[in-house]
Each structure stands twice: as C-alpha cells, then as structure tokens.
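K.L.:
below is the structure, and that's it, no one-letter string:
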C-alpha cells in the first residue's frame with residue numbers, strides 16, 4: 001500500500017463537494033475528466049458544470065485541479081514547500097456581443113470576488129466564416145498559490161466564489 005498524494009486527497013474532497021452541490025440542485029455536473037499524462041507524469045481532474053439551465057449566454061464552468069511531476073517528486077522526496085501541491089482553477093465559458101464593454105465588466109466583477117488570491121484572464125474568439133456579432137469568451141480564474149492537504153478546507157470557499165462569479169456573469173448577461 002501507499003499513501004495517497006496531495007492531488008489524490010484534494011481530488012476526492014473536490015469531487016465530493018461538487019457532487020453535493022449537484023445533489024442539492026445548485027448546479028448540474030455535465031462532464032468529468034480524470035487524466036494521467038504518462039509522458040509528463042502530470043495529472044488533471046476537471047468537472048464541467050451548469051449552474052442555470054437554458055441560459056442565453058451558454059454559460060458553463062469547469063473546475064480543475066492539476067499536479068505536475070515536480071509536485072509529485074517533491075512530495076515523495078519529502079521536500080514539500082509552498083511551491084508543492086496542486087493548481088486550482090475555474091474557467092467560465094460564455095458568449096459576448098460587445099467585447100470591450102462586456103469583457104471589462106466581467107473582469108472587474110470577478111476581480112472583486114477573487115482578489116487577492118486569483119488572477120483573471122479572458123480569451124475571446126470567433127469561428128472564421130460565420131457572421132460576427134457573437135464571440136466565445138473563455139474566462140480563466142487561476143489561484144496564485146498551490147493547494148495542500150492542510151488548506152483543503154478552502155475548497156468550499158473557492159466553490160462559493162465560483163458560484164458568486166457565475167451569478168455575477170449570468171446577471172450581467174440578463175441586463
């Protein structure tokens with residue numbers, strides 16, 4: 001037998017919390033991915049969720065936990081530092097019409113929710129050949145620090161922030 005890693009412990013905790021929210025009707029899990037990349041010895045666990053059915057902006061979110069080779073090696077060799085652990089991120093997927101205005105509003109709203117622990121970035125794209133006017137926006141919230149077993153209790157706070165972010169983005173689209 002072997003002891004589970006930080007990644008494995010946090011993955012189980014995160015999965016339980018998200019499925020509890022699904023069971024309570026606060027969100028709906030639509031996809032789950034648990035990937036081990038044998039070439040890089042990295043692991044990625046993600047859950048895609050919908051928080052509101054039939055929303056006009058096509059708004060959905062993905063919660064992701066990642067750990068790389070260095071994290072695993074440091075943990076096995078008992079060289080754990082603040083740089084050892086797992087990366088946590090939330091990505092929101094939606095459509096926007098007015099790139100400058102809507103992206104600015106979304107960025108400002110999310111910075112108030114995730115400040116000072118998360119960095120916000122947005123990637124806007126469209127499919128060439130289709131009429132313009134509706135653009136895909138991928139909004140990434142990446143924590144500034146890595147998670148350890150000791151701060152696994154913060155996952156609930158991060159999921160609360162995800163729900164608050166979702167409501168902010170959803171409400172901006174309704175206006």
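P.N.:
Cool, the structure landed. Since the structure is predicted, the reported quantities are computational estimates derived from the model, not experimental observations. Numbering: from 1, shown residues only.

K.L.:
could you use CA atoms for every contact and neighbour count after this?
P.N.:
OK.

K.L.:
list the contacts for residue 80?
P.N.:
With contact taken as C-alpha atoms under 8 Å, 6 or more residues apart in numbering, residue 80 is in contact with residue 74.

K.L.:
give the contact list for the residue positioned nearest the centre of the chain.
P.N.:
Nearest to the geometric centre of the chain sits residue 90, at 1.5 Å (C-alpha atoms, centre = their mean). Neighbouring residues of residue 90 by C-alpha under 8 Å, 6+ apart: 61-64, 140-142, 162.

K.L.:
one more: residue 61?
P.N.:
48-50, 90-93, 166.

K.L.:
list just the nearest of those residues to residue 32.
P.N.:
residue 48 (6.3 Å; C-alpha to C-alpha).

K.L.:
the closest one: neighbour count?
P.N.:
19 (other C-alpha atoms under 10 Å).

K.L.:
name the nearest residue to residue 67, ignoring sequence neighbours.
P.N.:
Spatial nearest neighbour of residue 67, chain neighbours left out: residue 86 (4.8 Å); criterion: C-alpha to C-alpha, 6 or more residues apart in numbering.

K.L.:
my guess is the one you found meets residue 151, correct?
P.N.:
No: if you go by C-alpha atoms under 8 Å, residue 86 and residue 151 don't touch, sitting 11.0 Å apart.

K.L.:
how about the strands in the protein?
P.N.:
In the chain, the strands defined using DSSP state E lie at 28-37, 42-50, 60-67, 87-96, 118-125, 135-143.

K.L.:
of the contacts of residue 90, buried ones?
P.N.:
Buried residues within the contacts of residue 90, defined by neighbour count using 16 or more other C-alpha atoms under 10 Å: 61-64, 140-142, 162.

K.L.:
these two touch, right, residue 30 and residue 49?
P.N.:
Yes: counting by C-alpha under 8 Å, residue 30 touches residue 49, with 5.4 Å between them.

K.L.:
and those two? which has more neighbours close in?
P.N.:
Ranked by neighbour count (other C-alpha under 10 Å), residue 30 and residue 49 place residue 49 first, with 20 against 13.

K.L.:
count the neighbours of the nearest residue to residue 68 once chain neighbours are set aside for me.
P.N.:
Nearest non-adjacent residue to residue 68, counting by C-alpha to C-alpha, 6+ apart: residue 42, 4.2 Å away. By the criterion of other C-alpha under 10 Å, residue 42 has 16 neighbours.
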